[in-house]
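K.L.:
no sequence for this one, just the structure:
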Ligand SMILES: *Cc1c(COP(=O)(O)O)cnc(C)c1O
């Protein structure tokens, strides 16, 4: 593809994207394909000679798009969103075009310095502690792994990094509602998932701080070394908010690393009225949230913040001769701030998004999503056929349908499983489920960039039809 062809094809792709977004509501939200339906249409080997752009584009439209679940569809209410926006996509084009690798300052000073500035902007927008330092990671899973490794090294005076494990018996703590990425990070860090203590939750699905302290005392009495507590602000099942201040006090008292996982709900902290969710954060050690979930910045872009930058760097820094530069003491070399060496230029899309929306624009979007959840919640609350199963702290509503004259939990669970399948089979909405206290729970998240009252009505009307 020469420059002229690129120019022509790129214009065509931008037109395709604009048409796609414009007409996205005519597509089924969830891909309506069978396993291997796509795979079987793809040749077994790569072509010997180059094919035309037209041929590639035709197959993209006919084969690939059919097998896509449309995460940017406004009626995408499943999981948590991975929402995007036009400025974010435009920045990604530039990132791809320049193809820079931001492992150290010298490999592209603008990549390092824009990242530093964007992490400051985000911290300011969210009211994070002023002296904390931020770095962009690929995912919250990676950020949490970094937190746990850093906690491990702080506790052992950086001995496991150099000497490996001896006979230590570390314990870690999170609530029973915590995200699976914590379990995974504990495994990868070599700490053993049996040592991850799951603390019970209250009727709002938030960690019971008193139980946490009891468990820590018990573990200390049994010669264990409590290493890290992971508090969740916005759990994945129901967006429950753990009592951060109380947990932080316990962590301070026993010298335990406190990592705060606000992967999804952290975006809400840009609203002054939601700032309370981070009360006590200044006593924690690390914090993660995902602009790639609910801040209009397309996947991937995770913001990871630490109180003590020195411990993070000491955990990850390895300085081979070929990467040494005279400026190492002066600038941020982000390869030392996490697992990866090579790094994408992710801050560019954050810059485009924050400048294009403006802080007010971002706030009004998030506020609108909270309002939509409230509208839907009110509809459910006013109708005896439905039950709301968790407090609506943000823009997720957890609910179930109560079939008439039915009080058998298993049968109600089954009815809701069937209801969810029917909703999704329409192709008009896409929702997913969880279990809360053994109850099959339908989750409706109003977080896609362009979701509006129209989608709330749509979902409500479908429920009328099926219930
Ligand atoms: C989504 C989510 C994660 C994992 O996020 P990734 O960026 O996909 O790794 C972790 N914790 C919570 C609470 C989440 O909602």
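P.N.:
Alright, I've got the coordinates. Predicted model only: the values in this text are computed from it and were never measured.
K.L.:
right, and residue 140 touches residue 290 too?
P.N.:
Yes. The criterion here is C-beta atoms under 8 Å, and residue 140 meets it with residue 290 at 5.4 Å. Heads up, the C-betas are built off the backbone N, CA and C, glycines and all.
K.L.:
Find residues that contact each of these two.
P.N.:
263, 302 (C-beta atoms under 8 Å, 6 or more residues apart in numbering).
K.L.:
Quick check: phi and psi on residue 261?
P.N.:
phi -100, psi 100 (degrees, to the nearest 10).
K.L.:
Excluding chain neighbours, what is closest to it?
P.N.:
The spatial neighbour of residue 261 that comes closest, neighbours along the chain excluded (C-beta to C-beta, 6 or more residues apart in numbering), is residue 232 at 5.1 Å.
K.L.:
So the one you found is in contact with residue 175, correct?
P.N.:
Yes. With contacts counted by C-beta under 8 Å, residue 232 reaches residue 175, the gap being 6.4 Å.
K.L.:
Between those two, tell me which one has more neighbours.
P.N.:
residue 232 (29 against 26; other C-beta atoms under 10 Å).
K.L.:
Return the residues in contact with the more buried one.
P.N.:
Residues near residue 232 by C-beta under 8 Å, 6+ apart: 174-175, 177-179, 207, 240-242, 260-262.
K.L.:
Recalculate using a threshold of 7 Å.
P.N.:
175, 177-178, 240, 242, 261 (C-beta atoms under 7 Å, 6 or more residues apart in numbering).
K.L.:
Which of those sits closest to residue 15?
P.N.:
Residue 15 has its nearest neighbour among these in residue 261, at 40.0 Å by C-beta to C-beta.
K.L.:
and that closest one, how many neighbours?
P.N.:
By other C-beta under 10 Å, the residues close to residue 261 number 30.
K.L.:
Which strand residues bridge it?
P.N.:
Residue 261 has these beta-bridge partners by DSSP bridges: residue 232, residue 288.
K.L.:
what about it, distance to residue 67?
P.N.:
Residue 261 sits 32 Å away from residue 67, going by C-beta to C-beta, to the nearest Å.
K.L.:
Kindly report the same for residue 429.
P.N.:
Counting by C-beta to C-beta, the gap from residue 429 to residue 67 is 19 Å.
K.L.:
Of those two, which one has the most company?
P.N.:
Using other C-beta under 10 Å, the more surrounded residue of residue 429 and residue 67 is residue 429, with 22 against 13.
K.L.:
thought the more buried one was touching residue 461?
P.N.:
No. Using C-beta atoms under 7 Å, residue 429 makes no contact with residue 461, being 10.2 Å away.
K.L.:
Now residue 238: closest residue in space, sequence neighbours ignored.
P.N.:
Per C-beta to C-beta, 6+ apart, closest to residue 238 is residue 390, 3.7 Å.
K.L.:
Give the intersection of the neighbour lists for residue 232 and residue 175.
P.N.:
Jointly contacting residue 232 and residue 175 under the rule C-beta under 7 Å, 6+ apart are residue 242.
K.L.:
Thought residue 168 was touching residue 190, still the case?
P.N.:
No. Applying C-beta under 7 Å, one finds residue 190 not in contact with residue 168, separated by 10.2 Å.
K.L.:
residues in contact with the residue of the stretch 351-467 of the chain found nearest the ligand?
P.N.:
Nearest residue of the stretch 351-467 of the chain to the ligand: residue 396, at 10.1 Å (C-beta to the nearest ligand atom). By C-beta under 7 Å, 6+ apart, residue 396 lies in contact with 238-239, 373, 443, 445.
K.L.:
Helices - which of those residues land there?
P.N.:
residue 373 (DSSP state H).
K.L.:
Turn the contacts of residue 396 into CSV, columns for distance to residue 199, neighbour count and pLDDT.
P.N.:
Output for the contacts of residue 396, formatted as CSV (distance: C-beta to C-beta, whole Å; neighbours: other C-beta atoms under 10 Å; pLDDT from 0 to 100):
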residue, distance to residue 199, neighbour count, pLDDT
238, 16, 25, 97
239, 18, 28, 97
373, 27, 22, 98
443, 23, 24, 98
445, 25, 26, 98
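K.L.:
now, the most widely separated pair of the contacts of residue 396?
P.N.:
Across these (C-beta to C-beta), the longest gap, 12.3 Å, separates 238 and 373.
K.L.:
helix or strand for residue 118, which one?
P.N.:
Assigned by DSSP states H and E, residue 118 falls within helix 109-126.
K.L.:
avg pLDDT for that helix?
P.N.:
The average pLDDT within helix 109-126 is 98.
K.L.:
What helices and strands are in contact with it?
P.N.:
strand 133-137, strand 302-306, helix 347-381 (3 or more C-beta pairs under 7 Å, 6 or more residues apart in numbering; DSSP states H and E).
K.L.:
in that helix, what counts as buried?
P.N.:
111-112, 114-116, 118-119, 121-123, 125-126 (16 or more other C-beta atoms under 10 Å).
K.L.:
how much distance is there from that helix to the middle of the chain?
P.N.:
The chain centroid and the centroid of helix 109-126 are separated by 19 Å under C-alpha atoms, centre = their mean, to the nearest Å.
K.L.:
go on, stretch 388-399?
P.N.:
Here stretch 388-399 is found 18 Å from its chain centre; the criterion is C-alpha atoms, centre = their mean.
K.L.:
pLDDT (mean, whole number) over it?
P.N.:
Here stretch 388-399 scores 98 as its mean pLDDT.
K.L.:
ok, residue 60 - how many residues close by?
P.N.:
Other residues within reach of residue 60, judged by other C-beta under 10 Å, total 12.
K.L.:
Could you pull up phi and psi at it?
P.N.:
Per degrees, to the nearest 10, the backbone of residue 60 is at phi -60, psi -50.
K.L.:
how far away is the residue lying closest to residue 125 once chain neighbours are set aside from the ligand?
P.N.:
Counting by C-beta to C-beta, 6+ apart, residue 125 lies nearest to residue 270, which is 4.8 Å off, once chain neighbours are set aside. As judged by C-beta to the nearest ligand atom, to the nearest Å, residue 270 and the ligand stand 17 Å apart.
K.L.:
Tell me, how many residues neighbour residue 270?
P.N.:
21.
K.L.:
coming back round to it: what's the pLDDT at the residue nearest to residue 261?
P.N.:
pLDDT at residue 232 comes out at 98.
K.L.:
before we move on, what about residue 136?
P.N.:
Residue 136 is given a pLDDT of 98.
K.L.:
now do the one 5 residues further on
P.N.:
Residue 141 is assigned 97 on the pLDDT scale.
K.L.:
how about the strands in the chain?
P.N.:
Taking DSSP state E, the strands of the chain run over residues 133-137, 170-175, 196-199, 225-232, 257-261, 286-289, 302-306, 386-388, 396-401, 432-436, 439-445.
K.L.:
Please identify the most buried of those strands.
P.N.:
Greatest average neighbour count among the strands of the chain goes to strand 286-289 (a mean of 28), per mean count of other C-beta atoms under 10 Å.
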